[in-house]
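Engineer: Structure for the following, please:
(one chain, ligands or ions: 1)
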Amino acid sequence: MALPHVLIFPLPIQGPVNCMLKLAELFCLHHQEIHVTFLNSEHIQQRLLNCTDVQIRFKKYPNFKFMTIPDGLAEDNPRTGDQVRNLVKGVEDVSSPLLREMVTSGLLSPNSEKPVTCLLVDGIVTFAVDIAKEVGIPLLYFDTISPCALWTCLCVPKLIEAGEIPFKGNDLDALVNNVPGMEGVIRRRDLPSFCRAPDLNNPTIQRIVKEGKHIVQAQGLIFNTFEGLEGPILPQFRTLCPNIYSIGPLHIHLKKSLSSKCSVPKTSTSNSIWKEDMSCMDWLDEQPNKSVLFVSIGSVATMSKAQLLEIWYGLVNSKTRFLWVQRPGSVIGLEENNDIPMELSKYTKERGCIVSWAPQEEVLAHPSIGGFLTHCGWNSTLESIVEGVPMICWPYFVDQQVNSRYVGEVWKLGLDMKDVCDRAIVEKMVREIMEVRKIEFLERGREMRKLAIESVNEGGSSYKDLDSLVEDIRLMRI
Ligand SMILES: O=c1ccn([C@@H]2O[C@H](COP(=O)(O)OP(=O)(O)O[C@H]3O[C@H](CO)[C@@H](O)[C@H](O)[C@H]3O)[C@@H](O)[C@H]2O)c(=O)[nH]1
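Structural biologist: Numbering: from 1, shown residues only. You can find the predicted model right below:
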């Protein structure tokens, strides 16, 4: 029987790369008989090498190798939110034929004992269905967004058929009826942002419909979530796909595994594609317990200068302390930092800290953090949940709209600020989570944190699902 050899291919942006690399490390750590090839875009690989110790870290695993592939974008392309569509197109037009060639020609496995036996790719990589069929190997899709958000995407054809999208009229607060399991919860404004497009020829809608048709052809679906959080929505997928593996939160799953392996020294697990500024940890050490609001909008979201100022004034007026990640290029129209109003700079010097990239998992685990103003990317949301940090959600696009609704309305772990960017509202929400309703949110956060940790402990639901995934790959029974 051929040795199990998994080819992992993430969408080349920070969120998916981060969590797929964590899964790869988990495979390597526990299951040396599984060979893992991690296929990165050249751009991502270079940045990982520049900003982290991945090269040394993964050298420890003889069964692991990185390979690279172009993503079709020029090296200096900013790869921010408005470029994601081009990135996906580049992956389809440039990476896809190369990937096919690599898998079919044996280039990925020059040692013929180890041909690829399983494809494990981002859900957006629709062409993987054809490659897997052509080569005759199983396909696992890993959708690194939340199952709740993915479910709304899979329901888009149903919403179109029922005449719910495109929206008729301007009432974004109208409830949506055709997302089974989410009745009474999801309003139009909580659907993925592309659902607001006025016409069905919108390329993102077209792409999502196509993606939905492919996803159900995979032999398995992997999710970075846990039963205690998204248990109610997971059965919806079981009717579509024979194998569902819910194995998150991956970052604590990995940390737990690393610490239980005494032979492996304590190392960083950072997969950042920006250099982490560790000085903010020293700053956090000097702040009182639960007094700091962390502000970050992840790796692709952007804001206008006007929005930056509204948030900044809101923070300053709330008189809270804050640690803010202002990623280079994330504020459109901000050329010079020195045209920031004097009162904001002055306050920031006294009670704030701004960095261009932070060690986010460590930041959220720091005792002085009391809240998180987030764009609700799925990784950030899970990282916050694991640390029991209450959230103010300011979603930017796609899945983040659904996550923020769930955080605010269903899981009650914070407040949803979508579609608003106003200093008075920012101030009010900051005060609510940091002062007025602090105890309530912290308690709720503690309960969910407990469930998250239990899920990755031996015998927990995510622990068991990861075991089944590995066994299924190992015995090639998917
Ligand atoms: O200063 C920072 C800021 C972020 N991060 C990390 O970067 C990742 C960001 O991931 P995420 O919160 O998911 O945001 P995006 O990078 O925007 O993620 C993309 O991919 C996600 C799925 O993987 C989707 O949910 C998002 O909508 C999509 O934008 C997280 O692990 C953070 O810990 C840092 O390490 N330091």
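Engineer: The ligand contacts on the chain?
Structural biologist: 13-16, 18-19, 144-145, 272, 296, 298-301, 325, 357-358, 360-361, 377-380, 383, 398-400 (C-beta under 6 Å from any ligand atom). In this view, the C-beta of every residue, glycine as well, is placed from N, C-alpha and C.
Engineer: which parts of stretch 55-67 are buried?
Structural biologist: Of the residues in stretch 55-67, 57-58, 61, 63-64, 66 count as buried by neighbour count, 16 or more other C-beta atoms under 10 Å.
Engineer: Going by distance to the ligand, which of those wins?
Structural biologist: Closest approach to the ligand among the buried residues of stretch 55-67 (C-beta to the nearest ligand atom): residue 57, at 15.6 Å.
Engineer: OK, now which residue of the stretch 101-250 of the chain is nearest to the ligand?
Structural biologist: Closest point on the stretch 101-250 of the chain to the ligand, by C-beta to the nearest ligand atom, is residue 144, at 3.4 Å.
Engineer: where does the residue nearest to that residue when sequence neighbours are not counted fall, helix, sheet strand or coil?
Structural biologist: Excluding the flanking residues, the one nearest residue 144 by C-beta to C-beta, 6 or more residues apart in numbering is residue 16, at 4.5 Å. What DSSP: H, G, I helix; E, B strand; the rest coil gives for residue 16 is helix.
Engineer: what comes up buried for the longest helix belonging to the chain?
Structural biologist: The single longest helix within the chain, with elements called by DSSP state H, is helix 438-456. For helix 438-456, a neighbour-count test (16+ other C-beta under 10 Å) marks 438, 441-442, 444-445, 448-449, 451-456 as buried.
Engineer: In a markdown table: those residues, plus pLDDT.
Structural biologist: Output for those, formatted as a markdown table (pLDDT from 0 to 100):
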| residue | pLDDT |
| --- | --- |
| 438 | 97 |
| 441 | 98 |
| 442 | 98 |
| 444 | 98 |
| 445 | 98 |
| 448 | 98 |
| 449 | 98 |
| 451 | 98 |
| 452 | 98 |
| 453 | 97 |
| 454 | 98 |
| 455 | 98 |
| 456 | 97 |
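Engineer: and which of the residues you listed is nearest the ligand?
Structural biologist: Nearest member of the buried residues of helix 438-456 to the ligand, counting by C-beta to the nearest ligand atom, is residue 452, at 15.0 Å.
Engineer: State the distance from that closest one to residue 371.
Structural biologist: 18 Å (C-beta to C-beta, to the nearest Å).
Engineer: Let me know the pLDDT of the nearest residue to residue 240 once chain neighbours are set aside.
Structural biologist: Distance criterion C-beta to C-beta, 6+ apart; nearest residue to residue 240, sequence neighbours excluded, is residue 216 at 4.8 Å. Residue 216 is assigned 90 on the pLDDT scale.
Engineer: Please verify my assumption that residue 216 contacts residue 239.
Structural biologist: No - in this structure, residue 216 is not within contact of residue 239 by C-beta atoms under 8 Å, at 9.8 Å.
Engineer: Settle it for me: which of those two has more neighbours?
Structural biologist: residue 216 (14 against 7; other C-beta atoms under 10 Å).
Engineer: quick one, what contacts the closest residue to the ligand within the stretch 1-150 of the chain?
Structural biologist: When scored by C-beta to the nearest ligand atom, the stretch 1-150 of the chain has residue 15 as its residue closest to the ligand, at 2.6 Å. Contact analysis of residue 15 by C-beta atoms under 8 Å, 6 or more residues apart in numbering lists 144, 298-299, 377-379.
Engineer: next one: residue 454
Structural biologist: 228, 460.
Engineer: Same question for residue 147.
Structural biologist: 223, 225, 230, 233-234, 237, 246.
Engineer: what about the residue nearest to residue 240, distance to residue 26?
Structural biologist: 26 Å.
Engineer: and if you look at residue 180?
Structural biologist: From residue 180 to residue 26 the distance is 32 Å (C-beta to C-beta).
Engineer: cool, residue 295 as well?
Structural biologist: Taken as C-beta to C-beta, the span from residue 295 to residue 26 is 30 Å.
Engineer: what about residue 431, neighbour count?
Structural biologist: 17.
Engineer: So residue 141: helix, strand or coil?
Structural biologist: strand.
Engineer: Pull the number of nearby residues for residue 180.
Structural biologist: Neighbours around residue 180, by other C-beta under 10 Å: 11.
Engineer: Would you mind listing the residues in contact with it?
Structural biologist: So residue 180 contacts 155, 236 (C-beta under 8 Å, 6+ apart).
Engineer: That one sits in which helix or strand?
Structural biologist: Assignment of secondary structure by DSSP states H and E places residue 180 within no helix or strand.
Engineer: Please flag which of the contacts of residue 147 sit within strands.
Structural biologist: 223, 246 (DSSP state E).
Engineer: Closest to residue 406 out of the contacts of residue 147?
Structural biologist: residue 230 (8.4 Å; C-beta to C-beta).
Engineer: Would you agree residue 403 is in contact with residue 376?
Structural biologist: Yes - using C-beta under 8 Å, residue 403 is in contact with residue 376, at 4.2 Å.
Engineer: Now for those two: what residues contact both?
Structural biologist: 393, 395.
Engineer: neighbour-wise, which of those two wins?
Structural biologist: The neighbour comparison of residue 403 against residue 376 (other C-beta under 10 Å) goes to residue 376, with 33 against 28.
Engineer: Could you verify my assumption that that one touches residue 398?
Structural biologist: No - using C-beta under 8 Å, residue 376 makes no contact with residue 398, being 10.3 Å away.
Engineer: what's the overlap in contacts for the two?
Structural biologist: Common neighbours of residue 376 and residue 398 (C-beta under 8 Å, 6+ apart) do not exist.
Engineer: element containing the closest residue in space to residue 40 that isn't next to it in sequence, please.
Structural biologist: Spatially, and ignoring its direct neighbours in sequence, residue 40 is nearest to residue 68 (5.4 Å; C-beta to C-beta, 6+ apart). Element membership for residue 68 (DSSP H and E) is strand 64-69.
Engineer: who's in contact with residue 219?
Structural biologist: Per C-beta under 8 Å, 6+ apart, neighbours of residue 219: 138-140, 241-243, 478.
Engineer: What is the nearest of the residues you listed to residue 8?
Structural biologist: The closest of those, once distances to residue 8 are taken by C-beta to C-beta, is residue 140, at 9.4 Å.
Engineer: I appreciate the help and will end here.
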